[in-house]
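# How does the following fold in three dimensions:
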Amino acid sequence: MISIRPGPAGRGTWYGIAAAALPLYLTMIAASAGALVDTALLGNHATATLAAFAVAMAVFSPATATVAGALRGVMPFVTPSKEDPDLLLPVVRSGTWLAITVGAVAAAAVASVPLLGRAAGVAHTTLAQLGIFPLLLAGSVLAIAVSSSATSVLVALGHSTSVMRAGLLGTAASTTLSVLLVGGPGPLPSYGLTGAGIAMLASSVISAFVNQLAIRRSSVLIGRSLCPGWPHVKQIWTLATVGVPLAGTVLVKFAVLGVLTFAAARIGTDSAAVHSVGICLVNLLFTAAVAVGQATIPLISDHATKLDSERVRRGVRAGTWLALVVVVFTAATVIVLSSRVVPLFTRDVDVRLQITDLLPLVLAVVVTDALQAVVGFGLIGLKRTVPSFVSTFVCYAVLAAVAAPVAAAGGLAALWAALALANLLQAVSKAYSFYRHSTFTENREPALATT
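Modelled structure (predicted):
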């Protein structure tokens, strides 16, 4: 099993990961804040509009998360080629083709929101509010896919600041357009969901453009055309063998969290509300682990190329401790300031008390989630993503199977304890897989060539 004890020899690794992770973290926080602005503006526009937005986002959010997960698989292929433009350029072009392929599938799903809504029994009055919003979101998904491919390349090349610049520009555009097109200040009309869709599409296109421009201006690829040209099917497939299991992992996680939401709703309305706030807090706090995990991939990939087991493991140890420090600090801050934080989510005094009581379990869930995530990102650096998928699938499948009876027997606290346990089992399983796949033989070949 992997020891996560930090030591003096790893301080440089800590600083390197932190420097790469900070811009990514700030980008994610800004994007989350921008999404809250959209939600608030639409809620003030009309309740029916907000309901339609929630239905569309129930498909859009997992679709974009799946796309981003699939394209993180490009990163470990970029790092070994970062000094050689002749080797790097085909990877970048194949990554673009993978983005187009995965993005098209996800965009088709988002465009089908009205059909999916009718099949799920969503009220006609809610679906009637959608208009062209799903089509605008579908375009946004395609732009996000292209942007995610570029993000993976830039992070692997050590240009996290460029990613932050693109993300902040996109968020600024989204917020500004949302205020103008949805809020309708002064004499300006409010375009509701259509305005929100235009803002989101513009944001995604701007981020994708700035990211692509940053790649073109990178020293290693400057002056070279990034036009994808004819697809190199074999290389695209190679990238997909790492990226697609990551996409599957994200889908499984979203699906099971949906099952937990239904299990909480069966307890009662208050429990459903408390659970929703808890998940919101976990997602916000978990952002730090995602940023740190992404920052570790180039480091792990570089050391894995040199078959240096000790430095590979040191990188994951440093990333794990860094993620834990940030996550525990922010979660503890929320708990200490709960009297001010919790009222932001609800005016109901009883619900506030229940949310406050749940906060220690929120801390447990986010800490165990951070543990499994960073080790999972380490496996990406080793190009071994199937073990992560299998671990998540097995642990979360069991969680989904027991969610309803656990919630019925022990309430929301038991449900969240089960979620924390599932995350912990994932962390142990992924740590074991990481240890096995980071063990190299004396003949300079990976000790295990299969997943």
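# Just the element for the residue nearest the centre of the chain, please.
Against the mean C-alpha coordinate of the chain, by C-alpha atoms, centre = their mean, the closest residue is A65 at 5.2 Å. Using DSSP states H and E, A65 sits within helix 47-72.
# what's the helix or strand bottoming out on mean pLDDT in the chain packed up against?
Across the helices and strands of the chain, mean pLDDT, DSSP states H and E gives its lowest value to helix 11-45, namely a mean of 77. For helix 11-45, the contact count by 3 or more C-beta pairs under 8 Å, 6 or more residues apart in numbering; DSSP states H and E identifies helix 47-72, helix 160-178, helix 192-217, helix 269-305, helix 309-336 as packing neighbours. For the C-beta atoms, the positions are set from N, CA and C on the backbone; glycine is no exception.
# Can you tell me which of those is nearest to P134?
helix 47-72 (6.0 Å; C-beta to C-beta).
# so what secondary structure elements neighbour the helix holding A65?
helix 11-45, helix 85-111, helix 113-119, helix 124-127, helix 133-156, helix 192-217, helix 233-267.
# Helix, strand, or coil at I222?
coil (DSSP: H, G, I helix; E, B strand; the rest coil).
# For the closest residue to it other than its chain neighbours, give me its contacts.
Take I222 and drop its neighbours on the chain: the residue closest to it by C-beta to C-beta, 6 or more residues apart in numbering is R216, 7.1 Å away. Applying C-beta atoms under 8 Å, 6 or more residues apart in numbering, we find R216 in contact with I222, R224, L226.
# Quickly note the distance from H303 to L154.
Distance of H303 to L154, given as C-beta to C-beta, to the nearest Å: 20 Å.
# do T96 as well
13 Å.
# now L88
Applying C-beta to C-beta to L88 and L154 gives a distance of 12 Å.
# got it, and L22?
L22 is 15 Å from L154, by C-beta to C-beta.
# out of those two, which sits in the more crowded spot?
For L22 versus L154, neighbours defined as other C-beta atoms under 10 Å are more numerous around L154 (23 against 18).
# Hmm, the more buried one is touching T161, no?
No - counting by C-beta atoms under 8 Å, L154 does not reach T161; the two are 9.0 Å apart.
# any weak-confidence spans in this protein?
1-12, 36, 38-40, 42-47, 186, 346, 441-451 (pLDDT under 70).
# show me the biggest helix of it in terms of residues.
Counting by DSSP state H, the longest helix found in the chain is helix 386-437.
# K306: neighbour count?
12.
# Then W14?
18.
# Can you give me the distance of the residue nearest to it when sequence neighbours are not counted to G293?
Leaving aside its chain neighbours, W14 sits nearest to A318 (4.9 Å; criterion: C-beta to C-beta, 6+ apart). Distance of A318 to G293, given as C-beta to C-beta: 12 Å.
# One more: R118?
38 Å.
# Same check on S433?
To G293, S433 is 15 Å away according to C-beta to C-beta.
# same deal with A21?
Counting by C-beta to C-beta, the gap from A21 to G293 is 8 Å.
# who touches S147 in this structure?
A166, S204, S207, A208, N211, Q212.
# Surely the last one and A150 touch.
Yes - between Q212 and A150 there is a contact under C-beta under 8 Å: 5.3 Å.
# These two: which is more packed in?
The neighbour count for Q212 versus A150, taken as other C-beta under 10 Å, is higher for A150 (30 against 20).
# wait, isn't the more buried one in contact with F209?
No - using C-beta under 8 Å as the test, A150 is too far from F209 to be in contact (9.5 Å).
# sorry, back to before: now the contacts of R216 in a markdown table, with distance to G278 and neighbour count?
Formatted as a markdown table, those follow (distance: C-beta to C-beta, whole Å; neighbours: other C-beta atoms under 10 Å):
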| residue | distance to G278 | neighbour count |
| --- | --- | --- |
| I222 | 47 | 10 |
| R224 | 48 | 15 |
| L226 | 43 | 15 |
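# which among these gets closest to G197?
Closest to G197, out of all of these and judged by C-beta to C-beta, is L226, at 28.0 Å.
# Might you report the residue contacts of that closest one?
Taking C-beta under 8 Å, 6+ apart, we find L226 in contact with L89, V92, R93, T96, Q212, I215, R216.
# Buried ones among those residues?
L89, V92, R93, T96, Q212, I215 (16 or more other C-beta atoms under 10 Å).
# In CSV, list the residues you listed along with distance to R340.
Output for the buried ones among the contacts of L226, formatted as CSV (distance: C-beta to C-beta, whole Å):
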residue, distance to R340
L89, 51
V92, 46
R93, 50
T96, 46
Q212, 42
I215, 42
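# which two from the residues you listed end up farthest apart in space?
Taking C-beta to C-beta, no two of these sit farther apart than L89 and Q212, at 13.8 Å.
# and the host helix or strand of A364, which residues are buried?
Using DSSP H and E, A364 sits in helix 349-381. Buried residues in helix 349-381, counted by 16+ other C-beta under 10 Å: 351-352, 354-355, 358-359, 361-381.
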